[in-house]
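> Here is my input, please return the structure:
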Amino acid sequence: MALPVGVNVGHFFRGVPADFADTVRRIEDLGFDGLWFAEAYGSDVFTPLAYAAAVTSRIRLGTAVAQIPARTPTATATTAATLDQLSGGRVVLGLGASGPQVSEGWHGVAYPRPLARTREYVDVVRQVLARDKPLDHVGEFHQLPLRGGTGLGKPLKSSMHILRPDLPIQLGAEGPRNVALAAEIADGWHAMFFSPAFDGFYREALDAGFARRGGRPQHFEVVCTLPVVVDEDVERAADRIRPDLALYMGGMGARGTNFHHDVFARMGHGELAARVQDLYLRGEKAAAAAAIPTSLVEEVALVGPAGKLREDLARWEDTVIDSLAVQGLPADLDAVARALLA
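A predicted model of the protein is given here:
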């Protein structure tokens, strides 16, 4: 069965594209399933979704992902709930712990114990969305109301009635413990750099989490952000993917604390990942990209002519993945739609 396919725009680098509104409308008109945004330390994740909500009417709107250290859990819950109201119930709230460089360097929030922090954060978000009683939470990371301070804080309940108390929450995760946590406490897992060859590894992680929650809920969804380039020349297509892989493998995090780098090491590419990281951290970005073989690009991306893409896509369709999100805003959006949405 064909997988639903959306678009993960990511975040803006230099600025918002001039034709952004038209592109967003085009994504919906072409029949893509979802529109996802991300954030790092530039553009935020919710504002583009609100903009997209205003110019579309049907497409799902997801965060992939909203950073946990960027906002209090109550702020995240009310932002997602407000956007859900404005969009007519189209929001999927993806959350992620980020990494120590961004958490501590950009948000000033200590990073240790990210799994425990995520678990408590999701619990508070769910309490806000449930709106069944005033919020009174005493945890390791959050005290609501704050104990201490002026002493005037009191338990509060959202003054806005929540459109969907069961608004879906997904976790962005790469390591097995994080994937298991998504299966245990969330409504979905948003994957990236997923290799179909390692489907069994991820099934085990998901099953461990489902076992702790008493079984897999019917609504649980696994979304995979997937780089896609349509081009008659496979090598030319792979060349468009290599710089991003080099960035994530080599430059997204410090040496020894780069979770994307660890994904490729677990896939058996430890030596290559180390070489790419060395080159990237020395500023040799072009060499880092060139070091990535086409075979590795094809493990985690769809590249080449439309017919090849459709054939390769079958490998993802036979895995735990329930839906896909094309990475970025491809210039050949129509060609991608023809290849993947037939």
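> how about the helices of the stretch 201-342 of the chain, start to end?
234-246, 259-264, 270-281, 285-290, 294-300, 306-317, 333-340 (DSSP state H, counting those that start in this stretch).
> Okay, buried residues for stretch 211-231 please.
For stretch 211-231, a neighbour-count test (16 or more other Cβ atoms under 10 Å) marks 220-231 as buried. No exception for glycine: its C-beta is placed from N, CA and C like everyone else's.
> Need the winner for burial among the helices of the stretch 201-342 of the chain.
helix 259-264 (a mean of 21; mean count of other Cβ atoms under 10 Å).
> What does the pLDDT read for residue 254?
Model confidence at residue 254, given as pLDDT, is 74.
> Not counting sequence-adjacent ones, nearest residue to it?
Distances taken as Cβ to Cβ, 6 or more residues apart in numbering put residue 101 closest to residue 254, at 6.2 Å, once the chain neighbours are dropped.
> Show me what secondary structure element comes after the helix or strand harbouring that neighbour.
Element membership for residue 101, per DSSP states H and E: helix 100-105. Under the assignment DSSP H and E, the closest C-terminal helix or strand after helix 100-105 is helix 114-130.
> these two touch, right, residue 32 and residue 7?
Yes - applying Cβ atoms under 8 Å, one finds residue 32 in contact with residue 7, separated by 5.3 Å.
> of the two, who's got more company?
Between residue 32 and residue 7, counted using other Cβ atoms under 10 Å, residue 7 has the larger neighbour count: 29 against 23.
> what about the more buried one, which SS state?
strand (DSSP: H, G, I helix; E, B strand; the rest coil).
> distance of it from residue 336?
9 Å (Cβ to Cβ, to the nearest Å).
> do residue 163 as well
32 Å.
> isn't residue 199 right next to residue 299, touching?
No - between residue 199 and residue 299 there is no contact under Cβ under 8 Å: 12.0 Å.
> Quick one: mean pLDDT for stretch 135-146?
Mean predicted lDDT for stretch 135-146 stands at 97.
> now stretch 40-52
pLDDT averaged over stretch 40-52 gives 97.
> Could you name the helices and strands sitting against the lowest-mean-pLDDT helix or strand in the chain?
Ranked by mean pLDDT, DSSP states H and E, the helix or strand of the chain with the weakest confidence is helix 259-264, at a mean of 90. When contacts are defined as 3 or more Cβ pairs under 8 Å, 6 or more residues apart in numbering; DSSP states H and E, helix 259-264 sits against helix 270-281.
> Flag every buried residue along the helix holding residue 101.
Applying 16+ other Cβ under 10 Å to helix 100-105 flags 100-103 as buried.
> Likewise for stretch 109-121?
For stretch 109-121, by 16+ other Cβ under 10 Å, it's 109, 111, 114, 117-121.
> Contacts only, for the residue nearest the centre of the chain.
Central residue of the chain (Cα atoms, centre = their mean): residue 64, 3.0 Å from the mean position. By Cβ atoms under 8 Å, 6 or more residues apart in numbering, the contact list for residue 64 reads 8, 36-38, 94, 170, 172, 190, 223, 225, 325.
> most neighbours, which of those residues?
residue 223 (30 neighbours).
> Could you list the low-confidence segments of this protein?
1 (pLDDT under 70).
> That one - how does it break down into domains?
As assigned by automatic domain parsing, the chain contains the domains 5-230+305-340, 232-300.
> that older thread, list the contacts for the closest residue to the residue nearest to the centre of the chain other than its chain neighbours?
Spatial nearest neighbour of residue 64, excluding adjacent residues (Cβ to Cβ, 6+ apart): residue 36 at 4.1 Å. Contact analysis of residue 36 by Cβ under 8 Å, 6+ apart lists 6-9, 61-64, 94, 223, 225, 325.
> For residue 79, state which of the residues you listed is nearest.
Residue 79 lies nearest to residue 63 out of these, by Cβ to Cβ, at 9.5 Å.
> how close does that closest one sit to residue 160?
19 Å.
> Could you do residue 325 as well?
Taking Cβ to Cβ, one finds residue 325 at 29 Å from residue 160.
> Please look at residue 167 and residue 79 and confirm they touch.
No - checked against Cβ under 8 Å, the pair residue 167 and residue 79 is beyond contact range at 11.3 Å.
> related to what we said a few turns ago, with neighbour numbers in mind, choose between residue 63 and residue 160.
residue 63 (29 against 11).
> what's the span of stretch 170-190 from first residue to last?
6 Å (Cα to Cα, to the nearest Å).
> buried residues in it?
For stretch 170-190, by 16+ other Cβ under 10 Å, it's 170-174, 176, 178-190.
> taking those one by one, which sit in strands?
170-172, 188-190 (DSSP state E).
> quick one: which of those is nearest to residue 275?
residue 172 (26.6 Å).
> Secondary structure element holding residue 53?
helix 46-55.
> tell me what that helix is packed against?
Going by 3+ Cβ pairs under 8 Å, 6+ apart, helix 46-55 lies up against helix 20-29, strand 34-37, strand 60-63, helix 73-87.
> In the longest one, which residues are buried?
The one in question is helix 73-87. So, applying 16+ other Cβ under 10 Å, buried residues of helix 73-87: 73-74, 76-87.
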